[in-house]
Each structure stands twice: as structure tokens, then as C-alpha cells.
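Participant: Model the following, please.
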Amino acid sequence: MSCQQEAQLCAQELAGQLYDEQIHWVLFFCSAQQDIQLLADHLQLCLPDKVIVGCSTAGEITPLGYRQGSVSAVGFSREGFSIETALIENLDQFDFNSAQHLMSRMLECCQHQQKAPVKGHTFALALLDGMSEHEEVVLNTLSAAFGSIPLLGGSAGDDLDFTHTKVVYQGKTYQNAAVLLMVNTAFPFMVFSQKHVLETDEVFVATEVDSEHRRVYELNAEPAAEVYARAIGVPLSELTPAIFAQHTLSVRIAGEGFVRAVQSVNEDGSLSFYCAVERGIVLRKNKHLDIPNELQRLLDQVNQELGEQQLILGFDCIFRHLELKAKHQLGQVSDLIAQSPMIGFNTYGEHINGIHLNATFTGVAIGY
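Facilitator: From the prediction side, this is the model:
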């Protein structure tokens, strides 16, 4: 990791920590306070023989715990991994044929260089532009094409500015795009996705919706923001990201609850969401559990299943960060992170097997 604010110094510090002849792939997560294109340029200059991919963040997970304004990174060696990478541009035009062609090409390359049989020893990582509004369709399409290969990842952030989220592929930044990695390894790994909410019986029906822009105008045939504020006991004027983080909603898909977090309240009384919303969906009010306890439980489960880990790659919703901050628990969780071999970032949405999530800690742990 590096906290250097000047792009060249930051790249040099990261390159010094990552330089190893065996390392061939570098994955980095860059604060929106940095000029990510300038950083990518310098990283490529410092590490000219490496494949470098990454994205902008809403906060970083580093060896020192949570950080803002930093860059975290991880290198993968040829000795332990075979990784195929790809760039998907124009997410709004991505379809199943494109996904099948992409998967076939990546799989063929992976099989030539595989460290272990593809089945059971391969997972896919996706980094998507978090402002594209196309995550659901792209992830569903990729998941269908990749079949039994686990697919996980996160949506790029920009420190809650909601203006420019970017992904990086081989030294260049892109918007309305995704970076994909197919990772094959003989090391044992565990893919996980943990939420810290329980659904209640208090429900709201989305009766007027702009699904293309993830905007709900009415809940139960009343102005959406008014209904939401009344339900959580907060004045309409006090609805902020910190409040949204502590009062999430869920939707049931195939009997399982998935969080649908509010992104913002709009001047017309509508609510914008991070994930897909459609007319007629039933949203449930959530009860939030204690994040530090839930994270410790997950880490204990990882230890039990894998033993010692060399890496936990984590995609942690920015709403969890905001909730921890509001509840004065940020330092406690940051310390837990620092005690683990964890790298990652705070996202605008997490991905697991074709589903776009909010308010989860999703990732993959890799053992020895």
C-alpha cells in the first residue's frame, strides 16, 4: 500500500513493495483522491513487464486496515497462479453471445497455462464501473456464460461523489467498462459473501419506478422518500448516506433476501438505489446486526476451512464503512482487518455469482 499523494512517488513506493521476478499480475485499488490515470501510467513505467489492472474506490482495505486517500495493491506470481484478463467496453451493449465468446477465449488460454484442473480450482473476478447502471445485466450474462466457475467482485467507487468511477486495464482507464480476471490456482480458496442484516415483516411496494435509472418515485402509492423517512423515524430533511447505511431495505429473490440500499434522496421526493429496482417489487425493512461480531465470525470460518491464508481479497460495501463510522466501530473493524492478510476496497456494490449486492463483505480467501 501507499499513502503518497503524488502519483509518481505512489507508483514507485508500490512498485518497490511488489517487485519480484515471479510476480506477473498486479491488482490495485486507487482512492478517488488520486489521479488514477496518472498513477496507472507511472505504475506501468515502474513495472513494465507486469499485467496491471485496477479501479477507483470509495475507500481502501490495506495491510494497516481501512484507509482513505491511499492505494492498496496485490501481486500474483506465475509460480502459484495462472491468470487471464479481459476488458469489456460498452457495458450497455454486452450480451450473452459476447459473454460466451469471451469465456471460451479466456478458458482456452487458462487451460494452456493451468496450475490445476479448471473445475474446482478457478474463480473469476470482475471490477465494474460503479456508475454504469448496467451491473445486473452484465453480471447475470457473465454468470450464465461462466457456469460453475465462481464469479465475484466489486463496483468501482469515487468517495461518494457519484460522478466518475473508473476501471484500469493495462495502464489505461475506462468508464462504462469492466475488467475481468480468470484466476486458476492449485492453492485452496474459499469464496464468501456475508451480509449483516435480517429481514423484518415491514414491507413496502414500489408502485412507481424508473427502473433504467434505479429510481423509485412511490412506495405504497406515496412519495418514496416520505414513506422511507417515516418508516425509519427520521425527518425527511435528515436523510443522508450515513442514515441510508444504517437503514437498508431488502428484496427477496428465489426466497433469499438481498439488500437494496438507498443511494440518495432526490428533490422530487424519489429515492435512487445502488442496485436494480422494478415496479411492483416488495422491499422489506432490515434489522442490522453487529458488523464486528459478524466479521469475526466470518474470519473464524475462513480459518477453520482454510487454515492459514496468504490473501483475503475483500469487496466491502461503502455503506458498511459509513455504518461503522456512525456507530463508532470503524477502528475496531479496521484492527480486525489489519490482523488478516487482507487487501481490497469499499465498493458501490458487490458481486457474487451473477447477483449485484449492497451492504455485504464479499470476497475470496486463498490458503497455502
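Participant: And the residue nearest the centre of the chain?
Facilitator: residue 154 (1.9 Å; C-alpha atoms, centre = their mean).
Participant: how far out from the middle of the chain is the helix or strand that contains that one?
Facilitator: Per DSSP states H and E, residue 154 falls inside strand 151-155. Computed by C-alpha atoms, centre = their mean, to the nearest Å, the separation of strand 151-155 from the middle of its chain amounts to 5 Å.
Participant: and the helix or strand immediately after that strand in the chain, average pLDDT?
Facilitator: Where DSSP H and E defines the elements, the next helix or strand beyond strand 151-155 is strand 167-169. Mean pLDDT, computed over strand 167-169, is 98.
Participant: cool, and stretch 203-216?
Facilitator: Here stretch 203-216 scores 94 as its mean pLDDT.
Participant: Buried residues, stretch 135-144. List them.
Facilitator: Of all the residues in stretch 135-144, those buried under the rule 16 or more other C-beta atoms under 10 Å are 135-143. Where C-beta positions appear, they are placed from N, C-alpha and C, glycine not excepted.
Participant: what do you get for stretch 106-117?
Facilitator: 106-107, 109-110, 114-115.
Participant: JSON lines for these, including secondary structure and distance to residue 92?
Facilitator: Formatted as JSON lines, those follow (DSSP: H, G, I helix; E, B strand; the rest coil; distance: C-beta to C-beta, whole Å):
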{"residue": "106", "secondary structure": "helix", "distance to residue 92": "22"}
{"residue": "107", "secondary structure": "helix", "distance to residue 92": "25"}
{"residue": "109", "secondary structure": "helix", "distance to residue 92": "27"}
{"residue": "110", "secondary structure": "helix", "distance to residue 92": "27"}
{"residue": "114", "secondary structure": "coil", "distance to residue 92": "33"}
{"residue": "115", "secondary structure": "coil", "distance to residue 92": "35"}
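Participant: mind giving me JSON lines with those and columns for pLDDT?
Facilitator: Formatted as JSON lines, those follow (pLDDT from 0 to 100):
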{"residue": "106", "pLDDT": "94"}
{"residue": "107", "pLDDT": "92"}
{"residue": "109", "pLDDT": "90"}
{"residue": "110", "pLDDT": "88"}
{"residue": "114", "pLDDT": "92"}
{"residue": "115", "pLDDT": "95"}
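Participant: out of the buried residues of stretch 135-144, who's nearest residue 160?
Facilitator: Of all these, residue 135 has the smallest distance to residue 160: 17.5 Å, by C-beta to C-beta.
Participant: Next, that closest one: phi, psi?
Facilitator: Phi and psi for residue 135, reported as degrees, to the nearest 10, are phi -60, psi -40.
Participant: Surely it touches residue 141?
Facilitator: No - with contact defined as C-beta atoms under 8 Å, residue 135 does not reach residue 141; the gap is 10.8 Å.
Participant: Could you measure from residue 189 over to residue 234?
Facilitator: According to C-beta to C-beta, to the nearest Å, residue 189 and residue 234 sit 41 Å apart.
Participant: Among the two, which residue is more densely surrounded?
Facilitator: Neighbours were counted for residue 189 and for residue 234 using other C-beta atoms under 10 Å; residue 189 has more, 20 against 16.
Participant: Contact partners for that one?
Facilitator: Contacts for residue 189 (C-beta atoms under 8 Å, 6 or more residues apart in numbering) come out as 123, 306, 364-367.
Participant: same question, residue 218
Facilitator: 206-208, 224, 227.
Participant: For residue 318, state which of those residues is nearest.
Facilitator: residue 224 (21.5 Å).
Participant: Could you check how many residues crowd around that closest one?
Facilitator: For residue 224, using other C-beta under 10 Å, the count is 29.
Participant: check contacts around it.
Facilitator: 206, 216-218, 269-271.
Participant: Equivalent analysis for residue 228, please.
Facilitator: So residue 228 contacts 204, 219, 239, 247, 262, 271 (C-beta under 8 Å, 6+ apart).
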